[in-house]
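[1] Predicted structure and sequence below. I'll ask about it afterward.
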Amino acid sequence: MMAEVIIGVMGGIGIGKSEFIKSMKKRRFSSQLPAMLVTPGEFKVYEESKRVKDIAASVFYPALKRNDKYTCFAAEIAMLSARVEQMLRASKENGIVLVERIPEENRFVFFENDYKSGIFGDPNSKIARSFYQSYSATYQYLKNKIAPVNVFVYLDVKPEVALRRIKERGRKSETGIDISYLRNLYSLYQRLIDEILPDTVPMYGHRLLRIDANNDLSDEDLKRFHLQIEERIMKSLQLQGWKLKKQD
């Protein structure tokens with residue numbers, strides 16, 4: 001059995017993804033949506049890959065401090081592979097699966113930022129271009145192995161708000177993150193959401209739910225967004241030719 005619906009939750013650092021996903025875990029879908037599924041009632045959540053976080057903390061960031069571009073590049077490839085591996089596992093579940101972060105974020109946001117910011121050397125240098133071409137080819141090869149996302153949920157948070165939240169939660173792994181870095185990521189997310197995905201995902205407009213999460217989300221906000229996600233899922237399934245089952 002393969003997952004019938006994959007929901008990808010996207011967004012930068014300090015935007016409240018963890019809280020949003022916890023709220024999704026607690027909520028069940030209405031009776032109408034499961035009636036469309038072969039495996040009604042199934043809902044699994046895959047939070048941020050532990051493997052990705054471990055590679056970032058133990059390999060990527062130490063290499064970045066040493067200005068070791070070769071190890072940084074190897075870590076980026078390893079994180080992409082771990083992300084794809086998680087998506088493969090998720091796609092083998094039954095029913096509806098929610099995944100925190102998707103491979104497109106690795107490729108078009110985090111790696112793109114590394115490249116443009118000079119982590120691999122001058123972006124115009126031969127070695128940096130070689131890294132870029134190798135990563136792009138690896139991404140395309142691995143991406144072709146996984147099922148497409150059915151519904152994209154993007155938590156849109158301004159860099160200034162994200163930085164305040166990062167400082168408030170005080171995680172050791174996030175020390176050193178500054179507003180410039182967050183602004184760069186935000187710009188790349190806007191490009192991913194508004195330009196790249198629309199060009200590559202069929203019926204993208206029906207699959208995307210863009211959530212303004214600059215204010216802390218209340219229980220009523222979360223309930224409303226959960227219903228909107230459900231509507232996107234049903235619309236996506238209907239556009240793929242799925243029909244609502246008749247109730248006995």
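    Right, received. Where do you want to start? Quick caveat, the model's predicted, so the values are computed rather than measured.
[2] Now for the spatially most central residue of the chain: which residues touch it?
    With the centre of the chain defined as its mean C-alpha position, the nearest residue by C-alpha atoms, centre = their mean is Arg101, 2.3 Å away. With contacts defined as C-beta atoms under 8 Å, 6 or more residues apart in numbering, the neighbours of Arg101 are 8-10, 17, 48-49, 52, 83. (Each C-beta comes from the backbone N, C-alpha and C, glycine too.)
[3] is it true that Val5 touches Val151?
    Yes. Contact criterion C-beta atoms under 8 Å: Val5 and Val151 qualify, at 6.9 Å.
[4] and for these two, which residues touch both?
    Taking C-beta under 8 Å, 6+ apart as the contact criterion, the residues that touch both Val5 and Val151 are 233, 236.
[5] could you say what helices and strands the lowest-mean-pLDDT helix or strand in the chain packs with?
    Each helix and strand of the chain was given a mean pLDDT (mean pLDDT, DSSP states H and E); the minimum falls on helix 219-239 at a mean of 80. For helix 219-239, the elements it packs on are strand 5-10, helix 17-26, strand 151-156, helix 204-207, strand 208-212, judged by 3 or more C-beta pairs under 8 Å, 6 or more residues apart in numbering; DSSP states H and E.
[6] Out of these, which is closest to Ala56?
    helix 17-26 (15.5 Å; C-beta to C-beta).
[7] now that closest one against strand 5-10, angle please.
    Helix 17-26 and strand 5-10 meet at an angle of 160 degrees, taking axes from the mean of the first three to the mean of the last three C-alpha atoms, to 10 degrees as the criterion.
[8] rounded to a whole number, what's the mean pLDDT of helix 17-26?
    Average pLDDT, helix 17-26: 82.
[9] Show me which residues of the helix or strand following it are buried.
    Past helix 17-26, heading to the C-terminal end, the next element that is a helix or strand (DSSP states H and E) is strand 43-46. For strand 43-46, the neighbour count (16 or more other C-beta atoms under 10 Å) marks 43, 45-46 as buried.
[10] Return the residues in contact with the closest residue in space to Phe60 that isn't next to it in sequence.
    Of all residues not flanking Phe60 in the chain, Ala75 sits nearest, at 3.9 Å (C-beta to C-beta, 6 or more residues apart in numbering). Each residue near Ala75 by C-beta under 8 Å, 6+ apart is listed here: 55-56, 59-60, 63.
[11] pLDDT score assigned to Ala75?
    Reading off the confidence values, Ala75 has pLDDT 97.
[12] any weak-confidence spans in the chain?
    1, 28-41, 173, 240-248 (pLDDT under 70).
[13] Where does Ile15 fall, secondary structure wise?
    Ile15 belongs to no helix or strand, assigned by DSSP H and E.
[14] any idea how far the residue lying closest to it once chain neighbours are set aside lies from Arg171?
    In this structure, Ile15 finds its nearest non-sequential neighbour in Val157, 3.9 Å apart by C-beta to C-beta, 6+ apart. Using C-beta to C-beta, to the nearest Å, one gets 16 Å for the distance from Val157 to Arg171.
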